[in-house]
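In: Let's see this in three dimensions:
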Amino acid sequence: MFSVQKRNDMSKPITDIEISTLLQAMKAEPSGIAAMSALERQEYNRAAKARSRERQRQSVEAGAAKPNVDTARDLLADIAIMMLAADAVGSDTIMSALNRYYGGGGWPEQIKRRAKTGRLKTRILGRQSA
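Out: Residues are numbered from 1 along each chain as shown. Model prediction:
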């Protein structure tokens, strides 16, 4: 692996040695993630995401969750589940959205029943200790 040094004085022309070093670095075999096959990269990304989820889960349990989109979605879903379970103000808006998305039918009512009976569980809010 070649090491390319940062130039401190950009006013001087680039030397042949610097050009040669840059060309060798560009031709060098990729390393790290870039050198992985598609299957290796997929496994690497899966393991990295699992580690990230575990760190996030631990921070949520400690009460110090770092803000991210996944946690925000889980929190909003938890709030909606809790509102449906309690028939809270605004739960009719949630039911209306469920009916629009699922085209009516029995599924939105089943979701509400599951929320009320506790069979539809929250992901974050219900897991925090009091």
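
In: and the most centrally placed residue in the chain, what element?
Out: The residue lying closest to the centre of the chain (C-alpha atoms, centre = their mean) is residue 70, at 5.0 Å. In the assignment (DSSP states H and E), residue 70 maps to helix 69-86.

In: SS state for residue 56?
Out: helix (DSSP: H, G, I helix; E, B strand; the rest coil).

In: Going forward, count from 55.
Out: Understood, numbering begins at 55; the last thing we discussed is residue 110.

In: isn't it right next to residue 126, touching?
Out: No - in this structure residue 110 lies outside contact range of residue 126 using C-beta atoms under 8 Å: 11.6 Å. (Glycine included, C-beta is placed from N, CA and C.)

In: give me the number of residues near residue 172?
Out: Counted with other C-beta atoms under 10 Å, the neighbours of residue 172 add up to 11.

In: got the contact list for it?
Out: By C-beta atoms under 8 Å, 6 or more residues apart in numbering, the contact set of residue 172 is residue 139.

In: mind checking how far it is from residue 138?
Out: Look at residue 172 and residue 138: by C-beta to C-beta, to the nearest Å, they are 12 Å apart.
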